[in-house]
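> My questions are about this predicted structure, shown below with the sequence.
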Amino acid sequence: MRLMVRILHITITLSLLLIGYGSNIVSAANPNPSQEITKWQMKWGDETGNAGKEIPWSEGQQSWMNVDSKKGLPELPSGVSSSWTRISLPDLSYVSPSVYIDTLYALHVRVYVEDRLIFEENRKYIKDNYSLLLPLSKADNGKTLYIWTKTMQDRIGIKESVVIGEHSQLINEYIENGLSDVILGCAFFLVAIVLFISALYISKDYFSSVASLAVVIAATGILSITYSPFIYTFYNKLGPISNVCLDLALFSLLPALTFLFEKLFGSGKFSIIRKFRQFQVLYSSFCLLFLLINLLSNNHYIEFYYFISTTIIGFILILQFILLIACVVMFSLKGNKDAIVFAIGFGTAAFTVVAELLWYYIQKGNYDLFLWKWGLVAFIISLIVILERRLAYNHQQVVNYSRELERFNNELERSEKMEIISELAASVAHEVRNPLQVTRGFLQLLSEKSVNEEQIYMSMALSELDRASNIITDFLTFAKPEFETISSLNLYDEFKHIESIMQPLCHINGGKMILDVSGQLWVKGNSSKFKQAFINIIKNSIESFSEEGFIYMSVYGEDDKVIIHIKDNGEGMDADVLHRLGEPYFTKKNKGTGLGLMVTFRIIEAMQGEVRFTSKKGVGTESITILPLAEAPDDSYSL
Ligand code: ADP
Ligand code: MG
């Protein structure tokens, strides 16, 4: 928590400093430019006695080496761990002169102007680059700067150059040192916090992936902040904590990255990724333990700790690098899109790191690596993209599944209704039809014998009985949709017949009917059921007429299908009516049964076909029936 508050504090301070920096640029017309010094003298220190406290005045000129940083720095001989650097100060014609050293490699530093100690710091942790801005006074003109440095690493002394100039100007460069790393790191850290909080709200299945991504991003952010010289320069008291944070970030980053990889792509061949991750977790725990031991023993084991936490981890990092790249290449070749995205991100990061390292070696160490962080940004973006893709894909699957479930439920409900009706229809219709037929026969006999007025009543009774009989026929069709006699039906003949049956009803209702059917089209089915299916549709069209009704029927073949359009200009239907067509007992008519279209659907379904309706209120309705085309029978004649 305290670290977070610190980081926030640093971010705010930085913003303020940046504003200050901006205004400084505006007023930067300085008549006295800074002077860069790249040549100085060095001598190796001795480890005896008052090291670093006795300035080597008296030593002769020959014991000092001349150093030209442009030609490279002298290498630290083995067995030597300290050095003296001396620099003659040039003309200090500044209002407030200062000396600025961008990078000085050492763990323990003392800086003197002649015999006056102006700076001392002794780090108990291994972070060996100092950035120094030290004020001088005009009286120091022409004096000599002595810098004593001591280290445990294999590099020592000033890197590149020493700059002497106006304090107000040098401070800009000084503040900028590591600033972008801190800003980048803070941004990473904030993203990680947001990600982690959001991980708490999503399902448990994703928690581990999102949380490990959050750990990877947070650790990268902490690395970026704690690796830059910023904290060590401006908050040197926080140096030891920062250094511990750097190690902790590294210990958690490496296993978290492998864990995330395992979550995204599986544990690989021979579970190699899982095994590697387990090894990394163990190794990180071991390092953590040693970190604690070393801290508690007051840095007693610092060299061994440095070896396991830096040198060995470096090798593990390279191994991890190779393993992940090999797996990613394998998955990418198999066409795994996530692996390709990962390969692009990881490849960008790997490429920038390798290219920069090469350049660093070409420049003999006189180069500050900075691009690798932007490579990491690309990598982290790719990780976020992969995770988002996963979440979106899984979400889509859930949506598809629930749609499927809903469709299935509707189907089930419908088929249950059908089942009940089928049973009812079969039993009732059968029982009722026989007495009805008998009654009709007797009524007919009676009507032949009866006189005028009675005959009118009789014929009314007969027509009502016929209506009842029709309804029962509808029921029975529904109960037994399997066809008794199946034959090849010629659509021309069938539709001509249908037309002749329906034409009179159409005329009575003031409508017209046009049939367009081509010759040799055949389907398999029962002739009377087939007719009934289309009569039901056409009857509805006729019943929907208002004034000048019009029905257009067209029948044609397409590939191995027969398409039948029946179109009217009747009253049309709303979407909710359209949706319910074919539902048992669904009717909008006073005397309707609500069974007509249900029967039609059932018949067409049994013929392995389908019917679709489109309709617009006030414009008309169109039904499209698609049936499988059948072969013409051998005894058929061509027209
Ligand atoms: P019924 O004709 O006995 O009402 P149907 O199953 O044949 O039963 O039709 C159900 C309902 O669908 C009708 O009541 C009607 O509202 C609507 N409908 C069917 N075909 C048409 C059409 N061509 N134009 C307008 N409405 C139609
Ligand atoms: Mg009807």
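On my side now, so go ahead. Ligands and ions are numbered 1, 2, ... in the order given.
> so what's residue 389 scoring on pLDDT?
pLDDT recorded at residue 389 is 86.
> Contacts only, for it.
By C-beta atoms under 8 Å, 6 or more residues apart in numbering, the contact list for residue 389 reads 337, 338, 341. Every residue, glycine included, has its C-beta placed from N, CA and C.
> Buried ones only from the residues you listed, please, as a PyMOL command.
Applying 16 or more other C-beta atoms under 10 Å to the contacts of residue 389, the buried members can be selected in PyMOL as follows:
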select buried, resi 338+341
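> just the contacts of residue 389 now: which is nearest residue 150?
residue 341 (48.2 Å; C-beta to C-beta).
> From residue 563, how far out is the closest one?
Remark: distance between residue 341 and residue 563 (C-beta to C-beta, to the nearest Å) = 46 Å.
> what does residue 266 give?
49 Å.
> ok, these two, which is more surrounded?
residue 563 (16 against 13; other C-beta atoms under 10 Å).
> Pull the host helix or strand of the more buried one out as CSV, backbone CA atoms only.
Element membership for residue 563 (DSSP states H and E) is strand 561-568. C-alpha atoms of strand 561-568 as CSV (Å, rounded to 0.1, in the frame of the first residue of the first chain):
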residue,chain,number,x,y,z
LYS,A,561,-36.6,-28.9,-55.8
VAL,A,562,-40.0,-27.7,-56.7
ILE,A,563,-41.0,-24.2,-55.6
ILE,A,564,-44.6,-23.2,-55.3
HIS,A,565,-45.6,-19.6,-54.7
ILE,A,566,-49.1,-18.6,-53.7
LYS,A,567,-49.5,-14.8,-53.5
ASP,A,568,-52.6,-12.8,-52.6
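> Which secondary structure elements does that strand sit against?
If contacts are counted by 3 or more C-beta pairs under 8 Å, 6 or more residues apart in numbering; DSSP states H and E, strand 561-568 sits against helix 527-543, strand 549-558, strand 620-628.
> Return the alpha-carbon coordinates of the helix or strand following it using PDB.
As assigned by DSSP H and E, the chain's next helix or strand after strand 561-568 is helix 575-580. C-alpha atoms of helix 575-580 as PDB (Å, rounded to 0.1, in the frame of the first residue of the first chain):
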ATOM      1  CA  ALA A 575     -45.600 -10.200 -37.400                       C
ATOM      2  CA  ASP A 576     -47.100 -11.700 -34.300                       C
ATOM      3  CA  VAL A 577     -49.900 -13.500 -36.400                       C
ATOM      4  CA  LEU A 578     -47.300 -14.600 -38.900                       C
ATOM      5  CA  HIS A 579     -45.200 -16.000 -36.100                       C
ATOM      6  CA  ARG A 580     -48.100 -18.100 -34.800                       C
END
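> Just give me how far helix 575-580 sits from the chain centre.
Chain-centre distance of helix 575-580: 38 Å, with C-alpha atoms, centre = their mean, to the nearest Å.
> I figured residue 147 was touching residue 109, is that so?
Yes: using C-beta atoms under 8 Å, residue 147 is in contact with residue 109, at 6.9 Å.
> And those two? Which one has more around it.
Counted by other C-beta under 10 Å, residue 147 and residue 109 do not tie: residue 147 has more neighbours, with 25 against 21.
> rewinding a little: which one of the helices and strands packed on strand 561-568 has the lowest average pLDDT?
helix 527-543 (a mean of 90).
> Give me the angle between that helix and strand 620-628.
170 degrees (axes from the mean of the first three to the mean of the last three C-alpha atoms, to 10 degrees).
> The spatially closest residue to residue 284 that is not a sequence neighbour: which element?
Using C-beta to C-beta, 6 or more residues apart in numbering and skipping the chain neighbours, the partner closest in space to residue 284 is residue 251 (4.1 Å). Counting by DSSP H and E, the element that carries residue 251 is helix 239-265.
> burial count for the closest residue to ligand 1 within the stretch 301-450 of the chain?
Nearest to ligand 1, among the residues of the stretch 301-450 of the chain, is residue 421, at 13.0 Å (C-beta to the nearest ligand atom). Number of residues near residue 421 (other C-beta under 10 Å) recorded here: 17.
> For it, which non-adjacent residue is spatially closest?
residue 584 (5.2 Å).
> surely the one you found meets residue 419?
No: counting by C-beta under 8 Å, residue 584 does not reach residue 419; the two are 10.8 Å apart.
> Neighbour count: the two, which is higher?
Shown here are residue 584 and residue 419; by other C-beta under 10 Å, residue 584 has more neighbours (18 against 10).
> And what about that one, helix, strand or coil?
Secondary structure, DSSP: H, G, I helix; E, B strand; the rest coil: residue 584 is coil.
> what's around the residue in the stretch 51-200 of the chain positioned nearest to ligand 1, how many residues?
Residue nearest to ligand 1 within the stretch 51-200 of the chain: residue 198 (50.0 Å; C-beta to the nearest ligand atom). Residues within reach of residue 198, counting by other C-beta under 10 Å, total 12.
> ok, now residue 151?
Neighbours of residue 151 (other C-beta under 10 Å): 21.
> what helix or strand does the residue of the stretch 301-450 of the chain closest to ligand 1 sit in?
helix 371-449.
> and the following helix or strand past that helix, is it in reach of ligand 2?
Moving toward the C-terminus from helix 371-449, the next helix or strand (DSSP H and E) is helix 452-479. No: against ligand 2, helix 452-479 shows no contacts by C-beta under 5 Å from the ion, the least distance being 9.4 Å.
> so helix 452-479 versus helix 527-543, what angle?
120 degrees.
> pLDDT at the residue of the stretch 51-200 of the chain closest to ligand 1, what is it?
Residue 198 is given a pLDDT of 87.
> residues in contact with residue 165?
Applying C-beta under 8 Å, 6+ apart, the residues near residue 165 are 32, 33, 34, 35, 94, 97, 98, 100.
> quick one: the strand holding residue 563 near ligand 1?
Yes: counting by C-beta under 6 Å from any ligand atom, contacts between strand 561-568 and ligand 1 involve residue 568.
> Can you give the distance of the host helix or strand of residue 131 from its chain's centre?
Assigned by DSSP H and E, residue 131 belongs to strand 129-135. Relative to its chain's centre, strand 129-135 lies at 45 Å (C-alpha atoms, centre = their mean).
> Using PDB, list the CA coordinates for that strand.
Presented in PDB, the C-alpha positions along strand 129-135 are these (Å, rounded to 0.1, in the frame of the first residue of the first chain):
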ATOM      1  CA  ASN A 129      24.400   3.000 -11.600                       C
ATOM      2  CA  TYR A 130      24.300   6.500 -10.100                       C
ATOM      3  CA  SER A 131      23.100   9.600 -11.700                       C
ATOM      4  CA  LEU A 132      24.600  12.700 -10.100                       C
ATOM      5  CA  LEU A 133      24.000  16.400 -10.200                       C
ATOM      6  CA  LEU A 134      26.400  18.200  -7.800                       C
ATOM      7  CA  PRO A 135      26.500  21.900  -7.200                       C
END
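> what residues does it touch?
Residues contacting strand 129-135 (C-beta under 8 Å, 6+ apart): 96-106, 109, 111, 118-119, 121, 159, 167, 170-171, 174, 177-178, 229, 232-233.
> swap the cut-off to 6 Å and go again
98-101, 103-105, 109, 118-119, 170, 174, 177, 229, 233 (C-beta atoms under 6 Å, 6 or more residues apart in numbering).
> partners of that strand in the sheet?
strand 97-105 (antiparallel) (DSSP bridges).
> Mind checking the pLDDT average for the strand it pairs with?
90.
> Contacts made by that strand with the rest, please.
Contacts of strand 97-105 (C-beta under 6 Å, 6+ apart): 128-130, 132-136, 155-156, 158-159, 162-164, 167, 170.
> for stretch 546-561, same thing?
491, 495, 511-518, 521, 541, 563-569, 626, 629.
> Pull out the buried positions in it.
By 16+ other C-beta under 10 Å, the buried positions in stretch 546-561 come out as 549, 550, 551, 552, 553, 555.
> Out of these, flag the one nearest to ligand 1.
residue 551 (9.1 Å).
> Flag every residue of the chain that's near ligand 1.
Counting by C-beta under 6 Å from any ligand atom, the chain sits next to ligand 1 at 536, 540-541, 544, 568, 570-573, 577, 581, 586-589, 592-594, 596-598, 621.
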